[in-house]
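>>> Turn this into a structure:
(2 chains)
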Protein chains: 2
Amino acid sequence: MLTKPMMRTGRTAEDLFAPIAADLEAAERILQDTIDSTRPGVSRLLDHLTHYRGKRLRPSLLLLTARACGALTHKHHVLAAVVEMIHTATLVHDDVLDCATVRRHASTINAAWGNQASILLGDYLFTHAFHLTSTLGDAEACRLIGEATNRVCSGELFQICQRGNFDLAEEAYFEMIDGKTAELTACCCRLGALYAGVPARTVEALAAFGRSLGMAFQIADDLLDLVGEERTAGKSLGTDLEQGKLTLPLIYLLRQGTPEKMSWYRAILESPENHKREQLVPDLLASGAIDDARRRAEGYARHAQEQLACLPASPFKSILESLPRRVIYRDQ
Amino acid sequence: MLTKPMMRTGRTAEDLFAPIAADLEAAERILQDTIDSTRPGVSRLLDHLTHYRGKRLRPSLLLLTARACGALTHKHHVLAAVVEMIHTATLVHDDVLDCATVRRHASTINAAWGNQASILLGDYLFTHAFHLTSTLGDAEACRLIGEATNRVCSGELFQICQRGNFDLAEEAYFEMIDGKTAELTACCCRLGALYAGVPARTVEALAAFGRSLGMAFQIADDLLDLVGEERTAGKSLGTDLEQGKLTLPLIYLLRQGTPEKMSWYRAILESPENHKREQLVPDLLASGAIDDARRRAEGYARHAQEQLACLPASPFKSILESLPRRVIYRDQ
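Numbers count the residues shown, from 1 in each chain, chains lettered A, B, ... in the order given. As a prediction, the model looks like this:
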């Protein structure tokens, strides 16, 4: 099931997460039971979701954190299913937003079933995730999941409202990716630690690990969109530029250089043509903007690793320790 | 704020719900505080939501039920805001699904801001509604809201998967509208009663009231789409037919008549032309299909009214008693 390579190091996510394979399977069963529908038509649509299965980074983070903290309960399996459902809901809606036709070598839901079914399926996944959380009988879990998804949606909404804004500040970019990506990875680690019963300061350290990991992941993803190879990335690249989304390397490029250069960059960004990536990448590399952005990702990765000092040595801790560098260097 | 006529009886929803005006205002303040965002761009988008304000039927149902049960608490105000946010989320997404450009005499979010912003705004409203529920610190409230929204989304998803299915059975139609409409009105009355502390059998009777009211409301809405007048309905009509959605009068029409008639009806329904309403309405009226559907709505309205016998007399009970007939006869 988990066969997609997490990064080009020869090791798949399945290999990497083998020590929690049984836990991931338990979470998967809960997820399937939750979204199961016997209605004709609807069940075929839900079956299509199997193509949205990826690395399962978020449930793995939650389960690894719990195991590394020394206690894994049924609540963890349920919450691992919840975070994967929320992530899948955002992917289904993102594919509509991006008019994407292929995800993980299969048709997207919108390409196969239309935008209307995709919008409703995303909603269905969101509400089922919230309801599943509530079955734990624990209002705090509902609050934490609600808070994280609020910030994910706020981050995405902020991003879409800022498309075409080429004056976007570095701080606004960090706030945006903190919401749309890092909040959910932080929540995964927080839930894993909280329900393992570790002290509050350990919970906070692990939430900080998840947040910095998410920041490093998103900066790396944005770098991949600019300077990755489509063949190895397994998806279309350059889409942020085409959609007028400013990412960190662009922000760095646009704040340096002569006024003439700046005007030229803006003209490229605003042009309706589709060769922005080819035109901008040489300057992104030469100016050091790519290197500067990569250094920021490395800074977040280091910060993430430092947070793990509170954990005792274990195979689970070792996997967590390896993740920050893995999410950055997946395209090398 | 509540100036839209609920039905053509000269009485607006504002008049009708005057006895709970202060409660509706308290719920409205909670809703505004919850969705408030200081982010530029995002806040302008959220401001646009004021145009989605309508009759506030769902929060009114919740608050009237609570008052009729004799106890209204802060929880009721919060939950009234929650149900209105969930309803608004479904409206925002419905307008994308229907490519609607006007709602309540103003541009829809999708017309003014695009489908992408609408999808994310709907998600934002869903997650904020769930998070707001969780702030009550009551997992049961989260479970009830989660369960109701699950069924709303399942009903909508089922409906979209059944578009173009002209063999839809009456039972499947009732199941569909029970999910997409009646579940949330039932939940409103359940929450109003539950948090007023009345006995379980009263809670169940009031939930049944809300469910039958919702069924009557939806059948009447579907009738309006076929035989209402656009001028008085305040929205485009005939859209169910154009979108291949079978509603009760059509189901009744399609199960009677000669094979030749049946083929002709199907040919009209399947044709890409936009005059389905004009072509089908004469037969819908002459065959008694419209009257039969109206009788079903009246049956649900009667059933709803009967459920209120458990309540002591009060001005709030009187308003609840008037609602079933009002939701049916709004276009007369």
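
>>> which residues of the stretch 51-200 of chain A fall in strands?
Assigned by DSSP state E, counting those that start in this stretch, the stretch 51-200 of chain A shows strands spanning A:102-103, A:106-107.

>>> so can I have CSV of the ones you listed showing mean neighbour count?
No exception for glycine: its C-beta is placed from N, CA and C like everyone else's. Output for the strands of the stretch 51-200 of chain A, formatted as CSV (neighbours: other CB atoms under 10 Å in any protein chain shown):
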stretch, mean neighbour count
strand A:102-103, 18
strand A:106-107, 14
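
>>> how about the helices in the stretch 101-250 of chain A?
Assignment of helices within the stretch 101-250 of chain A using DSSP state H, counting those that start in this stretch yields the ranges A:109-113, A:115-134, A:139-161, A:170-177, A:183-194, A:200-227, A:230-233, A:239-242, A:248-254.

>>> Remind me what the second one packs against, helices and strands.
Under the contact definition 3 or more CB pairs under 8 Å, 6 or more residues apart in numbering or on different chains; DSSP states H and E, helix A:115-134 sits against helix A:21-35, helix A:42-48, helix A:74-97, helix A:109-113, helix A:139-161, helix B:74-97, helix B:115-134, helix B:139-161.

>>> let's go with 6 Å and repeat that
Applying 3 or more CB pairs under 6 Å, 6 or more residues apart in numbering or on different chains; DSSP states H and E, one finds that helix A:115-134 contacts helix A:21-35, helix A:74-97, helix A:109-113, helix A:139-161, helix B:115-134, helix B:139-161.

>>> now the third one
Contact analysis of helix A:139-161 by 3+ CB pairs under 6 Å, 6+ apart lists helix A:115-134, helix A:170-177, helix A:183-194, helix B:42-47, helix B:115-134 as its packing neighbours.

>>> Let's see the fourth one as PDB, backbone CA atoms only.
Translated: helix B:42-47. Extracted in PDB, the C-alpha atoms of helix B:42-47 (Å, rounded to 0.1, in the frame of the first residue of the first chain):
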ATOM      1  CA  VAL B  42      -9.700  37.300   3.800                       C
ATOM      2  CA  SER B  43     -11.800  39.700   5.900                       C
ATOM      3  CA  ARG B  44     -13.300  41.300   2.800                       C
ATOM      4  CA  LEU B  45     -14.300  37.800   1.700                       C
ATOM      5  CA  LEU B  46     -15.800  37.100   5.100                       C
ATOM      6  CA  ASP B  47     -17.700  40.400   5.000                       C
END
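
>>> hmm, stretch A:172-185 touching chain B?
No. Stretch A:172-185 is not in contact with chain B by CB under 6 Å from any CB of the partner chain; minimum separation 8.9 Å.

>>> picking that back up, return the most buried member of the helices of the stretch 101-250 of chain A.
helix A:183-194 (a mean of 27; mean count of other CB atoms under 10 Å in any protein chain shown).

>>> between that helix and helix A:170-177, how many degrees?
Helix A:183-194 and helix A:170-177 are oriented at 60 degrees to each other (axes from the mean of the first three to the mean of the last three CA atoms, to 10 degrees).

>>> Give me the helices and strands touching helix A:183-194, please.
Using 3+ CB pairs under 6 Å, 6+ apart, helix A:183-194 sits against helix A:57-68, helix A:139-161, helix A:200-227.

>>> got the angle between the second one and helix A:170-177?
Translated: helix A:139-161. Going by the same axes, to 10 degrees, helix A:139-161 makes 130 degrees with helix A:170-177.

>>> got a markdown table for the strands of the stretch 51-200 of chain A, with distance to chain B too?
Listed next are those as a markdown table, based on distance: least, CB to the nearest CB, whole Å:
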| stretch | distance to chain B |
| --- | --- |
| strand A:102-103 | 17 |
| strand A:106-107 | 17 |
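
>>> Of the helices and strands packed on helix A:183-194, which is nearest residue B:73?
helix A:139-161 (16.6 Å; CB to CB).

>>> what residues does chain A put near chain B?
Within reach of chain B by CB under 6 Å from any CB, chain A has these residues: A:39, A:41-42, A:93, A:97, A:116-117, A:119-120, A:123-124, A:126-128, A:130-131, A:134, A:137-139, A:142-143, A:146-147, A:149-150, A:153, A:156-158, A:160-161.

>>> ok, now how distant is the residue in the stretch 151-300 of chain A that chain B sits nearest to from residue A:111?
Nearest to chain B in the stretch 151-300 of chain A, going by CB to the nearest CB, is residue A:161, at a distance of 3.2 Å. Using CB to CB, to the nearest Å, residue A:161 is found at 26 Å from residue A:111.

>>> And residue A:129, by the same measure?
According to CB to CB, residue A:129 and residue A:111 sit 24 Å apart.

>>> Equivalent analysis for residue A:164, please.
Taking CB to CB, one finds residue A:164 at 26 Å from residue A:111.

>>> repeat for residue A:28
With the distance defined as CB to CB, residue A:28 ends up 25 Å from residue A:111.

>>> neighbours of residue A:12, just the number please.
Residues within reach of residue A:12, counting by other CB atoms under 10 Å in any protein chain shown, total 16.

>>> Bridge partners for it, pull those for me.
Here residue A:12 sits in beta bridges with residue A:5, going by DSSP bridges.

>>> Flag the shaky bits of the stretch 101-250 of chain A, pLDDT-wise.
For the stretch 101-250 of chain A, the stretches with pLDDT under 70 are A:230-236.

>>> Ramachandran angles for the residue nearest to residue A:223 when sequence neighbours are not counted?
Distances taken as CB to CB, 6 or more residues apart in numbering or on different chains place residue A:293 nearest to residue A:223, at 5.8 Å, with adjacent residues excluded. Torsion angles at residue A:293 (phi, psi; degrees, to the nearest 10) stand at phi -70, psi -40.

>>> Repeat that for the one 5 residues further on.
Per-residue torsions, residue A:298: phi -60, psi -40 (degrees, to the nearest 10).

>>> Report the backbone C-alpha coordinates of stretch A:279-299 in PDB.
Extracted in PDB, the C-alpha atoms of stretch A:279-299 (Å, rounded to 0.1, in the frame of the first residue of the first chain):
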ATOM      1  CA  GLN A 279      12.900  32.300 -17.500                       C
ATOM      2  CA  LEU A 280      13.300  32.800 -13.700                       C
ATOM      3  CA  VAL A 281      15.300  29.800 -12.600                       C
ATOM      4  CA  PRO A 282      18.700  31.000 -13.900                       C
ATOM      5  CA  ASP A 283      18.400  34.200 -11.800                       C
ATOM      6  CA  LEU A 284      16.900  32.300  -8.800                       C
ATOM      7  CA  LEU A 285      20.100  30.100  -8.800                       C
ATOM      8  CA  ALA A 286      22.600  32.900  -9.600                       C
ATOM      9  CA  SER A 287      21.200  35.300  -7.100                       C
ATOM     10  CA  GLY A 288      21.500  32.800  -4.200                       C
ATOM     11  CA  ALA A 289      17.700  33.000  -3.600                       C
ATOM     12  CA  ILE A 290      17.400  29.200  -4.000                       C
ATOM     13  CA  ASP A 291      20.400  28.600  -1.600                       C
ATOM     14  CA  ASP A 292      19.000  31.100   0.900                       C
ATOM     15  CA  ALA A 293      15.600  29.400   0.900                       C
ATOM     16  CA  ARG A 294      17.200  26.000   1.200                       C
ATOM     17  CA  ARG A 295      19.200  27.300   4.200                       C
ATOM     18  CA  ARG A 296      15.900  28.400   5.800                       C
ATOM     19  CA  ALA A 297      14.500  24.900   5.300                       C
ATOM     20  CA  GLU A 298      17.700  23.500   6.900                       C
ATOM     21  CA  GLY A 299      17.300  25.800   9.800                       C
END
